[in-house]
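Undergrad: sequence isn't available, so here's the structure alone:
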């Protein structure tokens, strides 16, 4: 009986993988390595996390997708859209100048939600503890980072060689991405930070923006995280959505 019971369960899991909503990728349940012992204190310590299965967008939400949301709901367009129109030639670039609240509203409108920082990092990093979506060695030609030198957003999916182990694009560079998570210490973190709590939201993924002035170094590692007030908006903050399986 146990053997016959196991069959439909296996089939069901396979079925779910095949039935990912359009534009999304299925991330199977299981353990992965999160954080790093060799990075900023806010990303320490390295620890194992178990997740349930979930779906996450294959690409960052684009201006074109966001325009459909704005038109359907009357939600305010990003400040830099002159007359409420997408900047010329940027339909398929990630939408930026969006607050956490804007991102959250879009995902709800689209029948989804923002990913947690845990879900985001697993989707970017896979289960082998790698530093970047493509491996452990930084490569300026695999993501729209400051080192690539473009100096602005680029169309989503521009770096097929930089995809994550699950085939997800732009999880290093292009736009930093809002997550649903508050900026709180990881289990076992021994570095006090006055910013921990339910005041700032976590963003992941690095961006095209050169933050050398802030001494941030390379911001593209999958375990890197930054935190900002949820009402912040600027030219390198965007997002993608997730969904329960």
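TA: Thanks, I have the structure now. Values in this document were obtained by computation on a predicted structure and should not be read as measured data.
Undergrad: now do the strands in the chain.
TA: Assigned by DSSP state E, the chain shows strands spanning 24-27, 30-34, 47-51, 54-57, 176-182, 201-204, 225-228, 237-238, 242-244.
Undergrad: any chance of those in TSV, plus distance to residue 69?
TA: Where you see a C-beta, it was placed from the backbone N, CA and C, and this is true even at glycine. Converted to TSV, the strands of the chain look like this (distance: least, CB to CB, whole Å):
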stretch	distance to residue 69
strand 24-27	17
strand 30-34	31
strand 47-51	27
strand 54-57	14
strand 176-182	15
strand 201-204	20
strand 225-228	22
strand 237-238	13
strand 242-244	16
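Undergrad: who wins for proximity to residue 130 among the ones you listed?
TA: Closest approach to residue 130 among the strands of the chain is made by strand 30-34 (8.7 Å; CB to CB).
Undergrad: re earlier: now mean pLDDT and mean neighbour count too, for the strands of the chain, in JSON lines please.
TA: Shown next, in JSON lines, are these (pLDDT from 0 to 100; neighbours: other CB atoms under 10 Å):
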{"stretch": "strand 24-27", "mean pLDDT": "98", "mean neighbour count": "21"}
{"stretch": "strand 30-34", "mean pLDDT": "98", "mean neighbour count": "17"}
{"stretch": "strand 47-51", "mean pLDDT": "98", "mean neighbour count": "14"}
{"stretch": "strand 54-57", "mean pLDDT": "98", "mean neighbour count": "24"}
{"stretch": "strand 176-182", "mean pLDDT": "98", "mean neighbour count": "24"}
{"stretch": "strand 201-204", "mean pLDDT": "98", "mean neighbour count": "26"}
{"stretch": "strand 225-228", "mean pLDDT": "96", "mean neighbour count": "20"}
{"stretch": "strand 237-238", "mean pLDDT": "98", "mean neighbour count": "26"}
{"stretch": "strand 242-244", "mean pLDDT": "98", "mean neighbour count": "16"}
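Undergrad: what's the closest of these to residue 118?
TA: strand 47-51 (5.5 Å).
Undergrad: just to revisit the earlier point, which one of the strands of the chain lies closest to residue 82?
TA: Across the strands of the chain, residue 82 has its closest neighbour in strand 237-238 (19.1 Å, CB to CB).
Undergrad: elements contacting that closest one?
TA: When contacts are defined as 3 or more CB pairs under 8 Å, 6 or more residues apart in numbering; DSSP states H and E, strand 237-238 packs onto strand 176-182.
Undergrad: thought residue 157 was touching residue 170?
TA: Yes - judged on CB atoms under 8 Å, residue 157 makes contact with residue 170 at a distance of 7.1 Å.
Undergrad: overlap in contacts, the two.
TA: Counting by CB atoms under 8 Å, 6 or more residues apart in numbering, the contacts common to residue 157 and residue 170 are residue 59.
Undergrad: just to revisit the earlier point, ok, which of the strands of the chain comes nearest residue 96?
TA: For the strands of the chain, proximity to residue 96 was assessed by CB to CB; strand 237-238 is nearest, at 5.2 Å.
Undergrad: parallel or antiparallel, which strands does that closest one pair with?
TA: Strand pairing for strand 237-238, using DSSP bridges, gives strand 176-182 (parallel).
Undergrad: quick revisit: which of the strands of the chain sits closest to residue 84?
TA: Comparing those by CB to CB, strand 237-238 comes nearest, at 18.4 Å.
Undergrad: just to revisit the earlier point, so which of the strands of the chain is nearest residue 133?
TA: Here strand 201-204 is closest among those (CB to CB), at 11.4 Å.
Undergrad: which residues does that closest one contact?
TA: Contacts for strand 201-204 (CB under 8 Å, 6+ apart): 100, 117, 120-121, 124, 171, 176-183, 222, 224-230, 237.
Undergrad: again, only using 7 Å
TA: With contacts defined as CB atoms under 7 Å, 6 or more residues apart in numbering, strand 201-204 is touched by 100, 117, 120-121, 176-179, 181-183, 225-228, 230, 237.
Undergrad: nothing else from me, thank you.
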